[in-house]
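S.K.: structure for this input, please:
(one chain, ligands or ions: 1)
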Amino acid sequence: MSDEWGPLGALAGEWEGSGGLDTAYAHATHEVRGTPYLEKCTLKPFGPVDNGNQHLYGLDYRSAMWRNDEENPFHTEVGYWLWDGATGEIMRGFVVPRGITVLAGGTAEAGATGFTLKAAKDGGLYTIGENKYLAENASSLSYEVVITTSGDSWSYDETTMLRMKEFPEPMAHTDHNTLHRVG
Ligand code: HEM
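M.R.: The predicted structure follows:
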């Protein structure tokens, strides 16, 4: 990958990881439980996108996660990763089809092999949007993801803080996985 994608260059490609682990409150069993998952993810380079004097390079991404041998994924995301080489700003804008949009952001050096992106519901630049039902019953207060890249694999560790009507305090909904290059 050319330097124009900065630290995002290491994420371009097709990836799979079978060691995912999700922690969430399960309505079916009324408990917080860990769910192992298989993930398949494609990140395709594009750019530049010009906003006046700003020139962004990005990755168009789509990921899906399955538990056990179920036919349909239990979680999917579509979105864009973006890099502004002039300022070192990295963003990940994506949609979770529960009716949630996230624009998470942070900064990194061009050659960084690790970086952190954050968003918060009422948090200035990088925010979370959600539907009315979720705002009342299971609101996403904040989102943070730590990315680590290393050649033919990369990892993420993310925490979404949820204010759920079942709990008096916000609870951590977490996901992590290591993805290996398959194309
Ligand atoms: C790898 C990523 C993720 C996976 C595998 C995942 C999976 C899950 C699972 C299994 C549940 C529990 C559903 C149930 O049994 O009731 C859940 C709930 C939820 N997730 Fe995620 N999730 C991921 C990322 C996210 C992100 C990034 C957000 C928001 C920024 C999010 C927001 C929510 C919300 C709001 C709920 C509660 C829904 C409800 O209780 O009605 N999730 N997720």
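S.K.: would you mind listing what in this protein touches the ligand?
M.R.: Within the chain, the positions adjacent to the ligand are 22, 24, 26-28, 35, 37, 65, 74-75, 96, 98, 100, 102, 128, 134, 138, 140, 143, 160, 162, 173, 175 by C-beta under 6 Å from any ligand atom. C-beta coordinates here come from the backbone N, C-alpha and C atoms, glycine included.
S.K.: before we move on, what SS does Ala135 have?
M.R.: helix (DSSP: H, G, I helix; E, B strand; the rest coil).
S.K.: follow-up on the earlier one: from the residues of the chain next to the ligand, which land in helices?
M.R.: With DSSP state H as the criterion, helices contain Leu134 from among the residues of the chain next to the ligand.
S.K.: which strand runs longest in the protein?
M.R.: strand 31-51 (DSSP state E).
S.K.: any idea how far it is from the middle of the chain?
M.R.: 6 Å (C-alpha atoms, centre = their mean, to the nearest Å).
S.K.: one more: stretch 118-135?
M.R.: With C-alpha atoms, centre = their mean, you get 14 Å for stretch 118-135.
S.K.: span of that stretch from start to end?
M.R.: From its first residue to its last, stretch 118-135 covers 19 Å (C-alpha to C-alpha, to the nearest Å).
S.K.: for it, give me every contacting residue.
M.R.: 91, 98-106, 117, 139-144 (C-beta atoms under 8 Å, 6 or more residues apart in numbering).
S.K.: ok, 7 Å please
M.R.: Contacts to stretch 118-135, defined as C-beta atoms under 7 Å, 6 or more residues apart in numbering, come from residues 98-106, 139-144.
S.K.: for the residues you listed, which two are the farthest from each other?
M.R.: Gly99 and Gly106 (24.7 Å; C-beta to C-beta).
S.K.: assumed Glu4 was part of a helix.
M.R.: Yes: assessed by three-state DSSP, Glu4 belongs to a helix.
S.K.: where does pLDDT dip in the protein?
M.R.: 1-2 (pLDDT under 70).
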